[in-house]
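Trainee: Just a sequence and a predicted model for now, questions to come.
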Amino acid sequence: MIRTILLFMAFMAPIYGLGQQKLIDSLQKQVTLPNVSTEQRVVDLADLGFMLRSTQSAEAIDYGRKAVEISLSLEDKKYASYAWSKLYYSYRMADSISCVLDAVDSTMWFAKESDDPVALGNAYRVAGNYAYATDDAVKAVDNLLQALELLEGTDNAPVLANIYYMLSGTFVVSEDLDNAGKYARRSAQLDKTGNPDVLCLSGLSMAEYFRYRFEQDGNRSDLDSVMYYGLRTVTVYERSSDVMNEQFTGCTAALNYASYLWSYFPDTPKDTVFSLLNKAIVWATAIKNYAVVANCYGLMSEYLSMEGKNIEAENLLLSAFDILVQERALNSNIYNITAGLLRLAERTGDKDKIIKYQKLYHDYYRKVFDDRQAITTRTLEAKYNHKKKEQEVIALQKQTEHEKNIALFSIGLTVISILALLLLFLYHRLKLRSAKQEKKLLETQARDALLQKQLKEEETRRLELEQELTRQQNEQLQKEVFAGTIQLKQKNEVLETVRKEISASQSNGHVSKIIQDNLQSDDYFDEYKMLIKETHPNFYNSLQTKADGKLTDLDLKYCTYIYMKIPAKQMASLLHVEYNTIRMTKYRMKQKFKLKKEDDLDKFIQDLSLM
């Protein structure tokens, strides 16, 4: 098994490098042509260096520097910015931190000098890429959003897809689901261009976005989307790798898809997963992406171990260890292999191997720690030197400016002497004019303040009058209600007495009926209601809104009499009911208004009139 995998890698790596080599050969011929414009030569040299960055680092940097050198002779500085932006990626691969910082700043400086929005957008993309690579999420998002502001609407779909990919990836790591999905979907909207770089970048973004969503909510359709975009990306890269610039997408997609199968479909046949991992290893080896290589070997060993083939799993990891050491991969990548060996030994319980691999694991752990310390030191030193250079440039600019000022001083001194008296005269006149204007302004402000005070007092008096009028209307209404109530009561009592006497004397029944009808029809409720609507138009609407269910006409009568502060006994007389009925009705009304036992129904209704 192990020998088969290694033979497959040795056979396939040159094949998958052929497509990229065609592009490189074409550019190498292009840069030697004599009749190519200077602008085109800069672009071709920069692109050639960019494409060689993974396999021929020194040559890539040479081509990039040559592009920068030629670009300085051009008046349009966007070409210099473009050359520096491509050289940035070569410096990144060479791990030259000070040069990387210079490239980022130079890309931005020349872009601003060019006044070209596309060049400036590309410069912000480079700055965002550096922040993204160094895990500075805040700066990455800030720079990438500025890049989008300048580049969205242009026809450079691969560049936009790259920006969306970095933004979506940053938000996935920070678990910001909304923004991760927002930029993943924007990337997918570019798929209609059919560009394979765009398809692969959007596929990676969408797969990781849906994976994050699936792990949040467990929705099966999200998992289906993960698998669809994962497989699509692998397929597109395998079909179109020979014309693609973003070579990292293929090995990343193959590893991710194998990982999805491992995590979510554990019954997937081993051969299917190993086929994907073998492709990822070949594609990653071609661009020296040994982090992907190490992860592929780790996943293969897990599969073999699950089948009980611990010896084969161990031999596979040892072969991977030898390959990565021989290829001078980063210690962090080799460290992942040693972690797998130690984990395998612990699983089998072989004490000798546990001790052996534990020592190897700790050796590389220390190397990784030392590397990180060294990187931190180099980064700080590079930033310090970079800052120092910036200060030296600023100091030189100040010195040059100072020398110019001295040269102009003698000429300016004469002019200043002539102008001094004129300026003094003008200053005196302006001072007098300013004093007059200030006095006028103060007077205007005083008048405005007095007017505002008067307006405020008038408004206060108006509000007081309105309140007093409302109070008087309420008092008048209550007086009219009480007068009507008393009058009605007296009339009813007289009529009742007459009715009883007529009934006792067995007189005309027709007269008795007329009296009875008058007793039942004398109801001032409609008049009360009209008066209340005139003073408090929203009173009855507020009652219906607060009630649990619609209030009946009888309910509204009770509320009206309570609002008019008519005593319970008087209310019983008006409504021709017993006094206890009033008490029970009030209890029922409290329930309709969802009032607590201790709440006062009368106060509640009175307060509604103020709303």
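Mentor: Good, I have the coordinates. Since we're looking at a predicted model, the values are computed, not measured.

Trainee: Contact partners for the most centrally placed residue in the chain?
Mentor: With distances taken as Cα atoms, centre = their mean, Asn179 lies nearest the centre of the chain, 4.4 Å away. By Cβ atoms under 8 Å, 6 or more residues apart in numbering, the contact set of Asn179 is 167-168, 171. All C-beta spots, glycine's among them, are computed from the backbone N, C-alpha and C.

Trainee: again, only using 10 Å
Mentor: Going by Cβ atoms under 10 Å, 6 or more residues apart in numbering, Asn179 touches 141, 167-168, 170-172.

Trainee: For the residues you listed, work out which two are farthest apart.
Mentor: Greatest spacing in the contacts of Asn179, by Cβ to Cβ: Val141 and Val172 (12.5 Å).

Trainee: so where does the residue nearest to the centre of the chain fall, helix or strand?
Mentor: Secondary structure from DSSP states H and E places Asn179 in helix 177-189.

Trainee: And for Ala131?
Mentor: Counting by DSSP H and E, the element that carries Ala131 is helix 117-133.

Trainee: just checking, what packs against that helix?
Mentor: helix 78-94, helix 97-114, helix 137-151, helix 157-173 (3 or more Cβ pairs under 10 Å, 6 or more residues apart in numbering; DSSP states H and E).

Trainee: a markdown table for these, including mean neighbour count?
Mentor: Converted to a markdown table, the helices and strands packed on helix 117-133 look like this (neighbours: other Cβ atoms under 10 Å):
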| stretch | mean neighbour count |
| --- | --- |
| helix 78-94 | 25 |
| helix 97-114 | 21 |
| helix 137-151 | 18 |
| helix 157-173 | 23 |
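
Trainee: can you put those helices in JSON lines and add distance to Pro266 and mean pLDDT?
Mentor: Shown next, in JSON lines, are these (distance: least, Cβ to Cβ, whole Å; pLDDT from 0 to 100):
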{"stretch": "helix 78-94", "distance to Pro266": "37", "mean pLDDT": "90"}
{"stretch": "helix 97-114", "distance to Pro266": "42", "mean pLDDT": "91"}
{"stretch": "helix 137-151", "distance to Pro266": "33", "mean pLDDT": "94"}
{"stretch": "helix 157-173", "distance to Pro266": "24", "mean pLDDT": "92"}
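
Trainee: Next, format those as CSV and append distance to Ile337.
Mentor: Formatted as CSV, the helices and strands packed on helix 117-133 follow (distance: least, Cβ to Cβ, whole Å):
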stretch, distance to Ile337
helix 78-94, 22
helix 97-114, 26
helix 137-151, 29
helix 157-173, 24
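
Trainee: Okay, now the unreliable bits of the chain?
Mentor: Residue ranges of the chain with pLDDT under 70: 1-22, 374-415, 417, 469-496, 498-499, 503-525, 528, 610-611.

Trainee: 50 instead, please
Mentor: 1-18, 393, 400, 520-522 (pLDDT under 50).

Trainee: what's the closest of the helices and strands packed on helix 117-133 to Arg447?
Mentor: Nearest of these (Cβ to Cβ): helix 137-151, 48.5 Å.

Trainee: quick one, that closest one and helix 177-189 angle?
Mentor: Using axes from the mean of the first three to the mean of the last three Cα atoms, to 10 degrees, one finds that helix 137-151 and helix 177-189 are set 40 degrees apart in direction.

Trainee: who's in contact with helix 137-151?
Mentor: The contact list for helix 137-151 (Cβ under 10 Å, 6+ apart) reads 104, 108, 111, 116-134, 136, 159-160, 162-167, 169-171, 173-174, 176, 179, 183, 186.

Trainee: And stretch 343-351, by the same measure?
Mentor: Contacts with stretch 343-351, where a contact means Cβ under 10 Å, 6+ apart, come from 298, 301-302, 304-305, 310-311, 313-314, 316-317, 352-358, 361.

Trainee: Could you give me the ChimeraX syntax to select whichever of these are buried?
Mentor: The ChimeraX selection below is limited to those of these classed as buried (16 or more other Cβ atoms under 10 Å):
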select :298,301,302,304,305,310,313,314,316,317,353,354,357,361
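
Trainee: Show me the contacts of stretch 343-351 that map onto helices.
Mentor: 298, 301-302, 304-305, 310-311, 313-314, 316-317, 352-358, 361 (DSSP state H).

Trainee: residue ranges of the helices in the stretch 151-300 of the chain, please?
Mentor: 157-173, 177-189, 196-217, 220-240, 248-264, 270-286, 290-306 (DSSP state H, counting those that start in this stretch).

Trainee: Of these, which is nearest Val43?
Mentor: Among these, helix 157-173 comes nearest to Val43, with 14.4 Å by Cβ to Cβ.

Trainee: Give me the angle between the closest one and helix 177-189.
Mentor: With the same axes, to 10 degrees applied, the angle from helix 157-173 to helix 177-189 works out at 160 degrees.

Trainee: And helix 157-173, what does it pack against?
Mentor: Counting contacts by 3+ Cβ pairs under 10 Å, 6+ apart, helix 157-173 packs against helix 117-133, helix 137-151, helix 177-189, helix 196-217.

Trainee: Distance to Cys559 added to these, as CSV?
Mentor: Listed next are these as CSV, based on distance: least, Cβ to Cβ, whole Å:
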stretch, distance to Cys559
helix 117-133, 67
helix 137-151, 59
helix 177-189, 49
helix 196-217, 50
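
Trainee: So for Thr272, which of the ones you listed sits nearest?
Mentor: Of all the helices and strands packed on helix 157-173, it is helix 196-217 that lies closest to Thr272, at 17.4 Å by Cβ to Cβ.

Trainee: Go through that closest one and flag the buried ones.
Mentor: Neighbour counts over helix 196-217 (16+ other Cβ under 10 Å) mark 196-214 as buried.
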